[in-house]
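Colleague: Got a sequence here, can you model it:
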Amino acid sequence: MPKRVQQEVRRYLDCGILSAGFVHVKCEACQDSLLVGFSCKTRGWCPSCGARRAEETAAHCGEVLPKVGYRQWTLSLPWALRWPVVKTPRLLRAVERRLVRSVWRWQRREAKRLGERRELSGGAVGFAQLLGSALQLTPHLHVLLPDGLWAGADFVALPPPSDGDVAAVLRRLVLQLAKDFEGAEAGWPDDALEALQSEGVQHRLSLGELHGVRPRRAGRRVAVVQGFSLHADTQVHAQDRAGLERLCRYGSRGPVAEERLSRLEDGRYAYRTRRGPTLVLTAAQLVKRLVALIPPRGTHLTCFHGVLAPNARLRPVVTLAPPAATAAPVTLTRKPRRPRLDWATLQQRTFGVDVWTCRCGGKRKVLAIITHRRTALEVLENLGLLQPRPPLPTAQSPPQLPLGV
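Modeller: Next up is the predicted model:
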């Protein structure tokens, strides 16, 4: 396995373990202590860190995205292209750019048909997903696009797309992607990780008895062309910020939902899928599936496009309140970098645990931050939270066999 995979697994094994480091907080009123373990911050299979990252992404998007209506465009790839996309991650980013530009082209054409003659700019937030609800390796895209375009600081709302519009967008997208995938050869796996990914992409998981699976219904605004599937029927209105955060949380979710995973009496693991059946795996099979879902290093799973991009000229105008009408020209200044959510706020948003508020109603304060394993073990042992190590057995000579001489 590559070194990065081994490091991610080791970090996951120390996630939340107090012996690997913790923050010691104490209530100022009742003197009650609380130890909060450090997280591994991995992007792979850790359920708690995946939930925190999804919550942080949702909070950021809910804070900076303009208050307009948004529509989620979900694109699934045909089976023949999934392994090349996993082998070459830049191809998935190219697919995302093509999808965003195809939708913008349709939106500009609709705005022109409605009489808009100004120069229009679009924005989008793309979420790249490598996973499915049954722990299978399924690269696909969730892209949030506003139901309209911007003419400077003015937002031009557009009507929702019809079934024919979604089909037209997908047909153009397929034609454009033919240029990107022309001559692209994925080749054979180079290491054990790519071997697991290749196996996960090319073979479906066995779900056992499928009589309980709910059949898929053909919905509105769904198009299928040459194995590509595009769905655009999920929409939130401008005032539904909770719904917007829910879509962002879903697009940036981790591969494992901890509430669906359980251990059976025979030692195997059961994972309940979204569509009904339960996937039963051994520990080795579960680890192989989770290792294959680790995203490539250096690949951004969330990207902002157009006027919502970090260095876009219009980003300060569309993400902030519009300036008051004045005779002087508007000066576009770059918005300063937003600080990340602190760990206590993120803990409260994700798990509903307020680290700073004690059960007695008092306020807690930080006493110490322990980062070294040896120091953490000593503190835990002094607090009585760590069992003392058993003494080593005394050395003995090996037994001698009686010699029958």
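
Colleague: what's the spacing between Val367 and Asn382?
Modeller: If you look again at residue 367, you'll see it is Leu, not Val. In this view, Leu367 and Asn382 are 13 Å apart by CB to CB, to the nearest Å. Quick note: C-beta positions are derived from backbone N, CA and C, even for glycine.

Colleague: quick one, which of these two is more surrounded?
Modeller: A direct count of neighbours by other CB atoms under 10 Å for Leu367 and Asn382 places Leu367 higher, at 12 against 9.

Colleague: Need the CA coordinates for stretch 309-322. CSV is fine.
Modeller: Output for stretch 309-322, consisting of C-alpha atoms alone and laid out as CSV, is shown next (Å, rounded to 0.1, in the frame of the first residue of the first chain):
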residue,chain,number,x,y,z
ALA,A,309,-14.4,31.3,-7.2
PRO,A,310,-11.9,32.6,-4.5
ASN,A,311,-10.1,35.1,-6.8
ALA,A,312,-13.2,36.1,-8.9
ARG,A,313,-13.5,39.8,-9.5
LEU,A,314,-17.2,39.8,-8.7
ARG,A,315,-17.1,37.5,-5.6
PRO,A,316,-17.1,40.4,-3.1
VAL,A,317,-20.1,41.9,-4.8
VAL,A,318,-22.3,38.8,-5.1
THR,A,319,-21.4,37.3,-1.7
LEU,A,320,-21.9,40.4,0.3
ALA,A,321,-24.9,42.8,0.6
PRO,A,322,-25.1,45.1,-2.4
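
Colleague: buried ones in it?
Modeller: Ala312, Leu314, Arg315, Pro316, Val317, Val318, Thr319 (16 or more other CB atoms under 10 Å).

Colleague: Next: stretch 270-278.
Modeller: In stretch 270-278, counting by 16+ other CB under 10 Å, buried: Tyr271, Arg272, Thr273, Pro277, Thr278.

Colleague: Same check on stretch 8-25?
Modeller: Using 16+ other CB under 10 Å as the burial criterion, the residues of stretch 8-25 that qualify are 8-9, 11-12, 14-15, 18-25.

Colleague: Widest-spaced pair of those residues?
Modeller: Within the buried residues of stretch 8-25, two members stand farthest from each other by CB to CB: Val9 and Val25, at 29.3 Å.

Colleague: Out of the buried residues of stretch 309-322, which is nearest to Asp233?
Modeller: For the buried residues of stretch 309-322, the minimum distance to Asp233 (CB to CB) is 25.3 Å, reached by Val318.

Colleague: you'd agree the closest one is up against Pro146?
Modeller: No: with contact defined as CB atoms under 8 Å, Val318 and Pro146 do not form a contacting pair (9.3 Å).

Colleague: Tell me which of the buried residues of stretch 270-278 fall in helices.
Modeller: With DSSP state H as the criterion, helices contain none of those.

Colleague: Just give me the least confident of those.
Modeller: Between the buried residues of stretch 270-278, the one the model trusts least by pLDDT is Pro277, at 76.

Colleague: low-scoring pLDDT stretches of this structure, where are they?
Modeller: Low-confidence segments of the chain, defined by pLDDT under 70, span residues 184-186, 202-219, 276, 320-340, 387-390, 392, 400-405.

Colleague: would you list every one of the helices in it?
Modeller: For the chain, helices defined by DSSP H occupy the ranges 3-13, 47-64, 79-87, 89-113, 163-181, 192-202, 241-251, 283-292, 315-319, 343-351, 373-382.

Colleague: how about the second one as CSV, C-alpha atoms only?
Modeller: Put plainly, it is helix 47-64. Backbone C-alpha positions of helix 47-64 (Å, rounded to 0.1, in the frame of the first residue of the first chain) are rendered in CSV as follows:
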residue,chain,number,x,y,z
PRO,A,47,-17.0,8.8,10.2
SER,A,48,-16.6,11.5,12.8
CYS,A,49,-14.0,13.5,10.9
GLY,A,50,-16.1,13.1,7.7
ALA,A,51,-19.1,14.5,9.6
ARG,A,52,-17.1,17.4,10.9
ARG,A,53,-15.8,18.2,7.5
ALA,A,54,-19.2,18.1,5.9
GLU,A,55,-20.6,20.3,8.7
GLU,A,56,-17.8,22.9,8.2
THR,A,57,-18.3,22.9,4.5
ALA,A,58,-22.1,23.4,5.0
ALA,A,59,-21.5,26.2,7.5
HIS,A,60,-19.1,28.0,5.1
CYS,A,61,-21.4,27.7,2.1
GLY,A,62,-24.4,28.9,4.1
GLU,A,63,-22.4,31.9,5.2
VAL,A,64,-20.9,33.1,1.9
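
Colleague: Just checking the distance from that helix to the centre of its chain.
Modeller: Distance of helix 47-64 from its chain centroid, counting by CA atoms, centre = their mean, to the nearest Å, is 8 Å.

Colleague: how big is the angle separating that helix from helix 343-351?
Modeller: Between the direction of helix 47-64 and that of helix 343-351, the angle (axes from the mean of the first three to the mean of the last three CA atoms, to 10 degrees) works out to 100 degrees.

Colleague: which other residues reach helix 47-64?
Modeller: In this structure, residues lying in contact with helix 47-64 by CB atoms under 8 Å, 6 or more residues apart in numbering are 15-16, 39-43, 125, 144, 241, 244-246, 248-258, 261, 302, 308, 319, 338, 340-341, 346-347, 349-351.

Colleague: And for stretch 160-173?
Modeller: With CB under 8 Å, 6+ apart as the test, stretch 160-173 has contacts from 71, 75, 98-99, 102-103, 105-106, 110, 147, 220-225, 228, 230, 232, 235.

Colleague: ok so, going back, so what sits against both of Val318 and Pro146?
Modeller: Counting by CB under 8 Å, 6+ apart, the shared contacts of Val318 and Pro146 are Pro66, Gly123, Phe155.

Colleague: I'd like to know how far the second one sits from Phe304.
Modeller: Computed with CB to CB, the distance linking Gly123 and Phe304 is 8 Å.

Colleague: Which one's more surrounded, the two?
Modeller: A side-by-side neighbour count of Gly123 and Phe304, using other CB under 10 Å, places Gly123 first with 27 against 20.
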